[in-house]
Structure formats: structure tokens, C-alpha cells
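Colleague: any chance you could fold what I've pasted below:
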Amino acid sequence: PEIKDSKVAIDLLRKSASELELPTALEILLSKEILSWEETFNFKLVLELLGSRVGSALISMSNPLQGSFVDLPRKERQHLLSKMSSSPVPLQRKAFNDIKRIVFSLGLSFVPETSENGEETARNPCWDAMGYNPILSQEEYKNKEPWNEVDYTDHMVSITKDSSLEVDVVIVGSGAGGGVCAATLSARGYKVLVLEKAEFIAPKENTTLEVDGFEKMYEKGGLLTSSDGSMAILAGSALGGGTSINWGCCIPTPSYVREEWSSEAGLTQFKPAPSSSFAPEGTFDHSLNSVWERISAKVVTDHNPANAALKTGCERLGIDSGDLANNLKNPSEPSAGWTCFGDRWGNKQTGVFTYLADAARTGNCQFIDRCEVEHLTFEKAPSGGGRDKASGVVAHVHSKASTKKDPQFVKLNVKAKHAVVLSCGSLHSPCVMLRSDIGRENQHVGKHLKLHPVTAAIGCFQGEDFSMYSRAPMTAISRDNEMGPMNNGFGARLEVPSVHPGLMGACLPWGDGVDAKASLIELKSSTAIIALQRDIGEGQVCLSTQGLRKWLPRANKMDPPLVHYSIDPRDEASMKHSLVTSLNVLIAAGASQVTSLHSPNYGIHASFPTEDDKVAKFADLKEKVNKIGLPQHGVGLFSAHQMGTCRMGSDPLESVVDCDGESWDKDNLYVMDASVFPSASGANPMVTTLAISHLLSNRLAKRLKADCNGSDEITMIRQERRDVALQKQRAAQRYAVVQSILAPLMVVVSATLAVKIVSK
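Modeller: Now for the predicted structure:
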């Protein structure tokens with residue numbers, strides 16, 4: 001590839017990981033305890049095994065006589081790792097992927113040291129060869145003033161000792177759902193307290209570096225995976241939640257999804273209006289319009305080269321493509337591609353710059369960061385009927401010095417006079433419920449997890465400058481496969497992400513060190529197309545102390561949850577089809593090389609020296625994708641969207657919350673985030689989450705006002721719905737009790753009859 005200094009590229013190709021200071025960076029990462037005890041133990045175990053002759057033979061199914069991994073020549077070490085990456089044994093593929101995902105990603109993102117002034121940082125040893133230049137190192141941004149319209153420190157409550165507070169409404173979580181709810185209720189005069197488990201990073205403190213962004217603003221430092229390690233899960237953990245780290249893509253809830261929610265879940269509020277332009281207040285369409293305007297969403301037609309390539313390829317193939325909206329004030333700003341690590345300048349209209357700022361400006365809303373909610377508190381129902389009422393939360397407020405080994409926190413009891421709102425996302429809202437024993441009453445808590453699983457195709461356009469991390473990501477789309485192979489609405493959309501070196505390292509296939517580093521040198525000339533699947537399959541979120549895991553060393557129910565998820569065969573069929581389309585689009589757009597995220601030994605990669613090669617080689621790629629599929633630990637799989645674990649519905653026996661977002665099992669407990677989705681949204685979920693929270697929080701405000709004024713109509717409708725649901729729940733409980741009594745009796749009767757028959 002053409003770079004300013006070919007010597008830089010040669011130096012990178014020659015350098016070992018030790019010379020790149022990677023072992024030191026890895027030690028620092030492990031010392032931060034981002035990984036769980038179990039993950040750290042397994043990671044170190046793999047390394048220990050590779051350090052011995054017998055262990056190397058066990059983990060790689062190799063000859064024990066050839067010596068330990070560390071004693072082998074480099075060529076043989078690389079061959080051994082390559083064998084592991086595409087081994088027929090899933091456990092071997094997992095061991096390889098655990099190493100590759102952490103080491104390769106860290107190697108491309110870590111910064112060895114920080115300069116004295118804290119503004120300019122030392123560069124990663126790989127960046128010059130890759131042509132990668134962090135945004136704060138670029139001249140036009142060095143002295144650019146950070147956003148400072150609201151000083152959040154003026155609205156933060158400092159908790160330094162065990163304390164109790166009383167407010168009207170406590171909101172757990174500050175993401176898309178929590179921000180809208182806080183703005184809505186505080187504007188109506190209610191005293192609102194927002195609890196955020198992450199530490200608040202002020203815009204002026206944001207370095208915009210990938211390594212800092214992942215560590216400080218993502219769940220588990222960006223290292224969260226499904227419980228089997230086969231899927232990487234990116235989730236926000238920051239003030240503003242996912243809105244602070246997503247790619248800014250704005251897509252209204254698809255009409256066919258809304259029809260499904262209306263007809264199958266009985267939620268008529270989602271039925272599309274004849275005209276969204278004239279949506280009356282109190283409707284979902286009105287909420288969509290309202291949030292669309294507040295976040296300044298607009299369709300982008302001026303695409304960066306990566307998004308333009310998607311459109312070009314689709315047009316040449318004659319398949320669907322279009323323009324997407326985003327919530328960036330200036331999508332053409334080079335810094336727009338760095339907003340996935342927080343926004344220093346207020347370009348992307350995240351929750352921090354919109355709804356949370358609106359809430360703060362009212363003077364009725366306060367925030368506490370580094371605050372983890374342990375469980376909810378309840379007022380017992382009066383004897384003779386009714387439900388318990390949510391009355392507050394018990395939380396831990398951590399000091400800045402707190403670590404997993406040495407947790408330093410004080411206890412906080414918050415009493416909420418009117419309502420408790422869970423808005424901590426599909427990973428944590430169900431966990432708060434489970435820690436509060438609501439899971440015993442409702443079997444759907446934590447279940448029905450949807451992840452929009454993603455895989456990708458990568459194309460290299462040699463000699464061209466794509467810089468897919470510059471300017472707004474995700475501004476183009478292809479909906480050609482949206483309805484899926486079965487034409488049932490469970491298909492994939494093709495989109496273009498913003499990919500920085502660390503994420504690329506986690507994604508890229510690895511065959512050997514030289515090939516991998518050569519691919520990195522091509523980063524600036526490369527682009528990726530993701531196939532984002534609307535999943536019909538589902539998973540489950542559980543506490544980290546689930547079952548026998550509570551006996552593990554350092555088991556802690558407050559640790560990040562377990563995410564159980566595997567690709568459903570129906571989703572795999574759709575994703576294979578969309579991956580083939582993605583490869584074809586890149587080839588049509590002019591890529592000189594294409595690859596999937598499969599391990600290299602599967603052979604799903606090709607180069608095209610001449611135009612004549614394309615037809616035959618694409619046919620070969622298509623055949624391989626359809627034959628190999630998406631083997632566990634054999635292909636890169638990702639998720640950036642989590643939905644459905646506290647799903648909404650009209651039936652208390654099939655859902656967690658009702659049409660107003662109120663728990664079927666506890667009064668005054670509401671959920672307002674993506675966990676209430678009845679099924680996967682099929683589109684980037686931020687706008688849908690904002691709109692649902694807008695609708696539900698306005699309904700809550702009306703209900704509270706009605707309760708205060710003694711208005712009968714709203715109160716009666718709510719009470720009638722909940723009374724009917726309670727009768728249905730109690731009937732189901734009685735039926736379950738009868739079943740539990742009859743089941744063993746039936747066994748006894750059956751056994752007795754069997755004995756009589758045999759004796760005759």
C-alpha cells in the first residue's frame with residue numbers, strides 16, 4: 001500500500017509483540033480487573049498451558065515431543081495458532097479467539113504513555129504504518145473548545161457516607177430511556193434523581209482515544225461477550241448510556257415491526273397512523289416526531305467514501321440502497337467518526353447534550369454517578385389484595401479508588417414517593433429485578449433477549465483513502481435482504497460502521513503475524529459492510545451468581561450479568577445470505593480484495609487482479625459461505641443492540657410490563673428502555689427507545705397528575721387493567737399449585753397401576 005514512509009511499514013512488519021510493548025499493556029489490562037475472575041483465570045490458564053510441553057499438546061492437539069509453544073520457532077508457533085483458529089473442536093477455537101480478541105485489539109489501541117500536559121499522547125507503535133491519526137492530534141482540533149453549555153458537576157449529588165434521600169421519582173440509568181424520562185418528569189415539576197453506575201466523564205476530560213473510550217464508556221471495557229465467548233457485545237456504560245457511544249444512526253421503528261407489536265403483543269399504541277405528519281399528542285407517532293426533532297435527526301446525503309462504496313456497489317448490482325439519518329449537527333466533520341468514544345465537542349446530539357441537559361436546566365433533576373443499585377424496596381400490599389408498591393432503591397455509591405478486589409463504597413437508600421423507573425438497559429434492568437426477587441414472580445424477566453447479531457465483509461480498495469473512521473458512519477443502507485429468506489420480516493440490513501484500529505484488530509481474521517500486520521497497513525484503504533440481523537432467535541440475561549456459579553471465588557451478584565445467546569439456525573440462514581450480498585457489493589464497488597470474518601483456513605477471502613476473476617471467485621466465495629455457515633468461534637460475531645429482556649405486552653402471563661411500562665408484578669415500578677421491546681426492532685434501536693420512553697413518561701406524568709387531582713378516568717382505566725391482570729396471575733398461580741400437587745399423585749397412581757398389571 002501507498003504510505004508516506006514505506007520504512008515505517010517495514011519496521012512494523014519486522015517488530016515482535018514484545019518490541020511493540022504489548023506484554024506490558026496486557027499486564028496493565030489484567031491488573032484493572034475489567035474481566036471477571038473466571039475470565040481472567042481461563043485466559044491465564046490458556047497462557048500457562050501454552051508455556052508447557054504437555055499443556056501445548058493438550059490445547060492444540062499437537063505432538064508433545066515437539067516442545068512447549070514458547071520453545072517453538074516462530075513459524076511453527078504461528079502454524080499451531082492457525083490450526084487452533086479453525087480446529088474442528090470449538091473449545092480450541094474459543095481458546096484462540098480469547099487470545100486474539102484481547103491481544104490483537106489491545107495491540108492496536110493502547111497508548112504507551114501520556115505527555116505532561118495531558119493533551120497530546122504518545123502514539124501507538126502501529127499507527128504511523130496504518131496512517132491512523134487520533135483526532136486530538138490533528139491540528140484543527142487541538143485548541144477547539146469542548147462543549148460546556150451545562151456544567152453537570154453543579155447537578156451531581158456527592159455521597160461520602162451512608163445516606164438516605166427522598167425524591168418524587170428515582171430513575172436507574174441515564175441512557176436513551178432514562179434521559180427522556182428525566183427531562184419529561186422534571187419539566188412537570190417532579191423532583192427526579194438519576195442514578196448512573198458509570199463514572200461521569202465531562203466532555204473536556206474526554207481524550208477521544210479508542211483505548212480510553214472502551215475502558216471508560218463501554219460495559220466491561222468493551223470486552224463483554226456472550227457466556228460461551230462466541231459473540232462480542234458492545235454496550236454503553238456512561239452518562240447518556242448507548243447514546244454517548246453509538247454511531248448516531250437514526251431509523252424510525254419499521255412499520256411492519258409496529259404492526260407485529262400491535263397485533264401479536266396486543267399493544268395497539270404501536271399501530272402506525274395513516275399519516276405520521278399529523279399525529280395527535282399522546283400517540284407513538286407523535287413521540288417519534290418529538291424525539292426526532294429534539295435530537296436534530298436529519299437524512300445525510302454527503303457520504304464518506306466507505307458509505308459511498310455501499311451505495312455504489314448496490315447501484316451497480318441493481319439492488320436497494322438508500323440514505324440514512326443521524327443526529328450529528330455536522331456529519332461531515334472528521335471528528336464525527338470518533339463520537340463512538342464520547343463526544344468532546346457536542347456534535348452528536350447524545351443524551352448528555354439533549355435530554356439530560358434539559359432535565360438539569362429545570363433545576364428539578366440531580367444525578368449520582370458511580371452508583372450501582374443493589375435492589376428495589378417495596379411497601380407491602382394491604383391485607384386482602386393488591387400488589388406491593390415500589391418505594392425506592394438500595395444502592396452502592398463507589399469512590400474513585402474502588403476496585404473489585406478492594407470495593408470502597410457507601411450505602412444509599414433512596415425513597416421515591418411516586419415511582420421507581422428502571423432505565424438501565426436490556427442487560428441490567430432485568431438484573432435489578434432479579435436481585436429484587438421479581439424473577440420468582442415473573443418467569444419472563446431476563447428472557448427473550450434480542451441482540452441483532454452482526455457479521456461483516458471487509459473490502460480493500462488498494463491505493464484509495466477510505467479512512468472509515470472519519471466523518472459520519474452509518475449514513476447509507478441497503479434493505480434488499482430486510483424481509484429475510486422466508487419473507488417474514490426477519491432479515492438483515494446492510495450498513496457501514498466506523499472502525500478504528502482496536503475494533504479492527506478484534507474483527508480481523510488472523511492467519512499469521514505478517515499477514516495480519518499487512519492487513520492493518522491496508523486499514524486506510526479498507527471498508528466494512530455489516531449484516532445486521534433482526535433475530536427471530538433469543539437468549540437470556542442472568543445474574544453472574546446464577547446456579548452453582550455463586551460458589552465461584554469472588555462471586556458477586558453485582559458483577560456484570562451473564563449473557564446466554566447462540567445464533568438460531570433461521571437467523572444463520574439469513575445472515576449467510578446477507579454476508580454473500582455484502583461480499584458481492586464490495587466486489588461491485590471495486591474492491592481489489594475481500595474477506596469475511598471467518599478464520600483464514602476456511603478460505604473465505606479473494607483478490608481480483610483482473611475483472612475476469614470476479615465472477616468465478618465470487619461464485620466460490622458464495623459456495624464456501626453457504627457450506628461453512630457461521631461456526632461457533634470460527635467467525636467474528638458482534639452485537640451493539642440489546643433488547644427485549646423486560647418485554648412489554650397485554651398479557652401478564654407473557655410479558656414483564658404492561659402497555660404503560662408498569663410492572664405487572666409491582667405497582668409504581670416502571671421500565672423505560674430497550675428491554676421493553678416485544679421483539680427485535682429490526683433497526684438501530686435508539687430512536688425507538690427514545691420514542692417509547694417519551695410516550696411512557698408522558699403517560700406516567702399524566703397518571704401522577706390525575707392521582708394528585710383525584711381524577712377518576714385515568715386512575716380507573718389503569719386500575720381496571722391491573723385488577724384483571726392480577727386475577728389472571730392468581731388463577732395461574734392456583735393452577736400451578738394444583739399441578740404441583742397432582743403431578744406426584746399421578747406418578748404414584750401410574751406406578752401403582754403398572755405394578756398391578758405386571759403382577760397379573
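Colleague: where does the prediction get shaky in the stretch 351-500 of the chain?
Modeller: 384 (pLDDT under 70).
Colleague: likewise for the chain?
Modeller: 1-5, 113-121, 276-277, 384, 710-712.
Colleague: in it, where's the longest helix?
Modeller: helix 712-759 (DSSP state H).
Colleague: what's it packed up against?
Modeller: Helix 712-759 is packed against helix 686-709, with contacts defined by 3 or more Cβ pairs under 8 Å, 6 or more residues apart in numbering; DSSP states H and E. Where you see a C-beta, it was placed from the backbone N, CA and C, and this is true even at glycine.
Colleague: helices or strands up against the helix it packs on?
Modeller: Partner elements for helix 686-709 (3+ Cβ pairs under 8 Å, 6+ apart): helix 176-187, strand 249-250, helix 284-294, strand 409-422, helix 712-759.
Colleague: between that helix and helix 712-759, how many degrees?
Modeller: Angle between the axes of helix 686-709 and helix 712-759 is 110 degrees (criterion: axes from the mean of the first three to the mean of the last three Cα atoms, to 10 degrees).
Colleague: the longest helix of the chain: how far from the chain's middle?
Modeller: 38 Å (Cα atoms, centre = their mean, to the nearest Å).
Colleague: relative to Leu690, which of the helices and strands packed on helix 686-709 is closest?
Modeller: Smallest distance to Leu690 across these (Cβ to Cβ): 4.0 Å, for helix 284-294.
Colleague: related to what we said a few turns ago, winner for burial among the helices and strands packed on helix 686-709?
Modeller: Most buried of the helices and strands packed on helix 686-709, by mean neighbour count (mean count of other Cβ atoms under 10 Å): helix 176-187, with a mean of 29.
Colleague: so which elements touch that one?
Modeller: strand 163-172, strand 192-195, helix 355-362, strand 365-368, helix 686-709.
Colleague: if we use 7 Å, what do you get?
Modeller: Applying 3 or more Cβ pairs under 7 Å, 6 or more residues apart in numbering; DSSP states H and E, we find helix 176-187 packed against strand 163-172, strand 192-195, helix 355-362, helix 686-709.
Colleague: quick check: buried residues in the longest one?
Modeller: Buried residues in helix 686-709, counting neighbours by 16 or more other Cβ atoms under 10 Å, are found at 686-701, 703-704, 706.
Colleague: give me the number of residues near the nearest residue to Gly241 once chain neighbours are set aside?
Modeller: Nearest residue to Gly241, sequence neighbours excluded (Cβ to Cβ, 6 or more residues apart in numbering): Gly175, at 2.1 Å. Here the count is done by other Cβ atoms under 10 Å, and Gly175 has 32 residues near it.
Colleague: so what's Gly175 up against?
Modeller: The neighbourhood of Gly175, defined by Cβ atoms under 7 Å, 6 or more residues apart in numbering, consists of Gly236, Gly240, Gly241, Gly242, Thr243, Gly351, Ser423, Gly425, Asp673.
Colleague: what about those residues, which one has the most neighbours?
Modeller: Taking other Cβ under 10 Å as the neighbour criterion, Asp673 ranks highest of those with 34 neighbours.
Colleague: pipe the helices and strands packed on helix 176-187 into a markdown table and attach distance to Leu50 per row.
Modeller: Below are the helices and strands packed on helix 176-187 laid out as a markdown table (distance: least, Cβ to Cβ, whole Å):
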| stretch | distance to Leu50 |
| --- | --- |
| strand 163-172 | 43 |
| strand 192-195 | 43 |
| helix 355-362 | 47 |
| helix 686-709 | 42 |
